[in-house]
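**Q** When you get a sec, could you give me coordinates for this:
(2 chains)
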Amino acid sequence: MVDEITLVEQLKDVQTKEKAFRVLITKYKERLYWHIRKIVISHDDADDVLQNTFIKIFKGIDSFKQDSKLYSWMYRIATNESITFLNKRAKERMLDIAEIKQDLATSLSSDNWFSGDEIQLLLQKAVATLPEKQQLVFNMKYFDNMKYDQISEILETSVGGLKASYFHAVKKIEHYIKTTTN
Amino acid sequence: MENNFKNIHQDRSSKLPKKSGYTVPEEYFDAVENDFSARLTVENFPISSGFEVPQGYFESLESSILSNIETSKITKVVPFRKKLIRWIPASAAAAILLFISVNLLLTKDIEPSSEEIATWFKNNPTIIPMDQLTVNLDESDLEGSPILDILLEADDLSKYLDENDTYILIEDSDIFPNELN
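**A** Down below sits the predicted model:
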């Protein structure tokens, strides 16, 4: 497996760019997809956002300065594209972003690509109520099982701040589930 | 023997550093309690998100991404002739607007004022006789004129002429040439 520095060099070289990009897609497509999916909820929307993310990565790789890990850079692009998508959807429907996230979570019960049980559905609805940062931290820590150092590099937030965000997110989810089931 | 061991131990201890050298991240202990609480709470959460993907989605993903990248690279090339055709209506409209604006600007400057018109007619009485000029006058043309307030009825006019000096009025012969003769 080619190391990251070599991969970036190949991505920046016109002769080897396409071949290296295929390697990049193979290596990171699933991780980026699931990260996006947890934000935008719907599979079709996640597919659109993922496509846009890879297009931006392809076009922007020459400006990648390697001051962070390649994956962190790509993850940031994916996060921004997901949030941009949600903002656009909210604007189209004249709702605020919190409302659109709730709408999307509620629609999971009739979504063909959601096979979760009642508690999983409840968890997704609870996560959708979280502020943006807390939602990102929770998804990355709990579902993606990422270490705080990795999350810190992606979200450009201190580890202490992330731990606090995660703690608050967990408590809010717990409260939501308890009040909804009671 | 025991004393020897104790002496050796004390001797070595005095040469060994007291601190272990281990460090922890900043604010680590502040977060320990919250970290532990969060960990306990999430033990009751479901592990999986419940999201699924269509069968074969990831296998076909690479080709669809590369296809989209190729599409995004293609920029439309519009032939110069077509560009020109598109621009003609806009250019024509702009030219017309410019012509109208310039025309208005020029005519505005030479339009005479009402005073200038009145002075011209006064200085050139024979060009258009006054009776022909006034035949189409109505009350709106005399608006603001003191005459309008006065000339209500012919009887009132006669009475007014008897009672007032006429030098301030316009020439009666100019307005009512038949009546005064």
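**Q** Residue of chain A closest to chain B, please.
**A** In chain A, no residue comes nearer to chain B than A:Gly116, which is 2.1 Å away by Cβ to the nearest Cβ. The way it works is simple: take the backbone N, C-alpha and C, and place the C-beta from them, glycine included.
**Q** Assign a three-state SS to that residue, would you?
**A** coil (DSSP: H, G, I helix; E, B strand; the rest coil).
**Q** Check the closest residue to it other than its chain neighbours and give its pLDDT.
**A** In space, and not counting its chain neighbours, A:Gly116 is closest to B:Gly50: 2.1 Å by Cβ to Cβ, 6 or more residues apart in numbering or on different chains. Note on B:Gly50: pLDDT of 91.
**Q** So what does B:Gly50 look like in phi/psi?
**A** For B:Gly50, the backbone dihedrals are phi 90, psi -10 (criterion: degrees, to the nearest 10).
**Q** quick check: domain ranges of the chain?
**A** Here I'm looking at chain A. Structurally, chain A divides into domains by automatic domain parsing as follows: A:1-95, A:116-182.
**Q** Sorry, I should have been clearer: chain B.
**A** Residue ranges of the domains in chain B are recorded as B:77-111, B:114-180, according to automatic domain parsing.
**Q** Quickly, which of the ones you listed bottoms out on average pLDDT?
**A** Lowest mean pLDDT within these: domain B:114-180, a mean of 59.
**Q** Alongside chain A, which residues does chain B contribute?
**A** Contacts of chain B with chain A, taken as Cβ under 8 Å from any Cβ of the partner chain, map to B:25-27, B:30-31, B:34-35, B:37-38, B:41-42, B:44-46, B:48-54, B:57-58, B:61-62, B:64-66, B:68-69, B:72.
**Q** I'd like to check which residues are in contact with the residue nearest to B:Asp35 when sequence neighbours are not counted.
**A** Counting by Cβ to Cβ, 6+ apart, B:Asp35 lies nearest to A:Lys163, which is 6.1 Å off, once chain neighbours are set aside. Counting by Cβ atoms under 8 Å, 6 or more residues apart in numbering or on different chains, A:Lys163 touches A:Tyr148, B:Ala31, B:Asn34, B:Asp35.
**Q** Distance check, the residue sitting nearest the centre point of chain A against A:Ser158.
**A** Most central in chain A under Cα atoms, centre = their mean is A:His35, positioned 3.3 Å from the mean C-alpha point. With distances taken as Cβ to Cβ, to the nearest Å, A:His35 is found 21 Å from A:Ser158.
**Q** go on, B:Val32?
**A** 16 Å.
**Q** Name the SS class of B:Val24, please.
**A** Three-state call for B:Val24 (three-state DSSP): coil.
**Q** That one: how many residues sit nearby?
**A** 8 (other Cβ atoms under 10 Å in any protein chain shown).
**Q** now do B:Leu66
**A** Neighbour number of B:Leu66 under other Cβ under 10 Å is 16.
**Q** just B:Ser37 next, same as before
**A** 14.
**Q** Enumerate every residue touching it.
**A** A:Phe167, A:Val170, A:Lys171.
**Q** Ok, A:Lys19 next?
**A** Residues in contact with A:Lys19 (Cβ under 8 Å, 6+ apart) are A:Gln10.
**Q** Now do the buried residues in the helix or strand hosting it.
**A** Per DSSP states H and E: A:Lys19 is located in helix A:17-40. Using 16 or more other Cβ atoms under 10 Å in any protein chain shown as the test for burial, helix A:17-40 gives A:20-21, A:24-25, A:27-29, A:32-40.
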